[in-house]
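> how would this look folded up:
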Amino acid sequence: MTEPSPIILIGAARSGTKFLRDILASGDGTAAVPYDVNYIWRYGAERAVDDVLAPSTLTNKRKKFIRKSLRSLAKASKDDILIEKTVASTMRVPFVDAVFPDARYVHLIRDGREVTESAMRQWQAPPNWSALLQKVRELPIQSIGYVGWFGWNFVSGLFSGRQGGKVWGPRFPGIDAMAEHGPLAQVCAQQWLESYNRANTDLCNIPKADSRVFIIRYEDLIRDDIALSNLVEQLGLPDKENILVNFHKKLRPNQPEIWRNLPPSDLATIDQILSPKLRELGYLK
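Take a look at the predicted model:
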């Protein structure tokens, strides 16, 4: 029996993908990988300097490992729709699509200024050790090489004054040098821009994108349940009623425009990097 086509959530770090994943997977007939698993996607490419992985490097062994590992971590039955989100996948949509050529994608877009401010706090926050312990417990032996990189990145970050690691979140080409020398506002703004641009371009270019790619704004998602209701219908998810009930239970008041509290120098840096794209997306008039 053929497994249902999976749903892959694509979105910049701190754009609400975790919230959307948990909501979509709250109904019957779905199973979600409960946390980001960049180490699964990078199996066989642990030493790659960034998260932009080429489909041409995929072997059947790597494809099978990724597919099996994701469904195992999600505890998915053969009839369950797999839901997965790893924010680094914004860097490698063609690679993901080569692993799951029948996947459907949800691109979650959020105001880059909100994302940048939130990411800046995350870069400087200590790791969630309980969540990391859960990952380590379920880490496939084949991915043990990723642990070495994580440890090195964490220790290097401490010397840079960043408890979240030397580099946190999706690793775009050149991020290491930028994180070494640039202000954090520049790094995080560029991270959002790279995540959006790469994901948007690559999603437009996958086969049959019109019927496989769904776009939703975070601002629409949290405004009311209309955008979510439409998305659930488009994806053909079962148990829409429970999904909407859980949405209202999990939704919390959102404090808007926290980014305005950043220092003027950071605001100027963010504005310089993001303004053209934010204007294109309608976040700036």
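> does Ala13 really touch Glu194, like I thought?
No: Ala13 is beyond contact range of Glu194, at 11.0 Å (criterion: C-beta atoms under 8 Å). C-beta here means a position set from N, CA and C on the backbone, and glycine is covered the same way.
> residues bridging contact with these two, i.e. touching both?
Counting by C-beta atoms under 8 Å, 6 or more residues apart in numbering, the residues touching both Ala13 and Glu194 are Pro170.
> what residue is smack in the middle of this protein?
In the chain, the residue lying closest to the centroid (C-alpha atoms, centre = their mean) is Val87, at 1.9 Å.
> if you skip the residues just before and after it, what's nearest to it?
Among residues not flanking Val87 along the chain, Ala13 sits closest, at 4.2 Å (C-beta to C-beta, 6 or more residues apart in numbering).
> Would you quantify the distance from that neighbour to Lys85?
10 Å (C-beta to C-beta, to the nearest Å).
> ok, now Arg223?
According to C-beta to C-beta, Arg223 stands 21 Å off from Lys85.
> who's more crowded, these two?
Between Arg223 and Lys85, counted using other C-beta atoms under 10 Å, Lys85 has the larger neighbour count: 24 against 12.
> That one and Ile7 touch, don't they?
No: here Lys85 lies out of contact with Ile7, judged by C-beta under 8 Å, at a distance of 9.1 Å.
> Mutual contacts of the two, please.
The contact lists of Lys85 and Ile7 share no entry, where a contact means C-beta under 8 Å, 6+ apart.
> Below-threshold pLDDT in the stretch 151-285 of the chain: ranges please.
In the predicted model, the stretch 151-285 of the chain carries pLDDT under 70 at residues 151-165.
> any idea what sits nearest Pro183, other than its immediate chain neighbours?
Closest residue to Pro183 apart from its sequence neighbours, by C-beta to C-beta, 6+ apart: Thr269 at 6.2 Å.
> count of residues packed around Ile226?
10.
> how about the CA coordinates for the helix or strand harbouring Val106, as CSV?
Using DSSP states H and E, Val106 falls within strand 104-109. Extracted in CSV, the C-alpha atoms of strand 104-109 (Å, rounded to 0.1, in the frame of the first residue of the first chain):
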residue,chain,number,x,y,z
ARG,A,104,3.2,18.9,-0.7
TYR,A,105,4.7,22.0,0.7
VAL,A,106,3.4,24.8,2.9
HIS,A,107,5.5,27.9,2.8
LEU,A,108,4.9,30.0,5.9
ILE,A,109,5.9,33.6,5.5
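> helices or strands next to that strand in the packing?
Helices and strands touching strand 104-109, by 3 or more C-beta pairs under 8 Å, 6 or more residues apart in numbering; DSSP states H and E, are strand 7-10, helix 17-24, helix 184-204, strand 213-217, helix 218-223, helix 226-235.
> Can you check which of these gets nearest to Arg92?
Nearest to Arg92 among the helices and strands packed on strand 104-109 is helix 184-204 (8.1 Å), distances taken as C-beta to C-beta.
> So which bits of that closest one are buried?
For helix 184-204, burial by neighbour count (16 or more other C-beta atoms under 10 Å) applies to 184-196, 198-200, 202-203.
> Would you mind listing the residues in contact with Met257?
You called it Met, but residue 257 is Glu. 113-114.
> any idea how far it lies from Glu84?
Counting by C-beta to C-beta, the gap from Glu257 to Glu84 is 31 Å.
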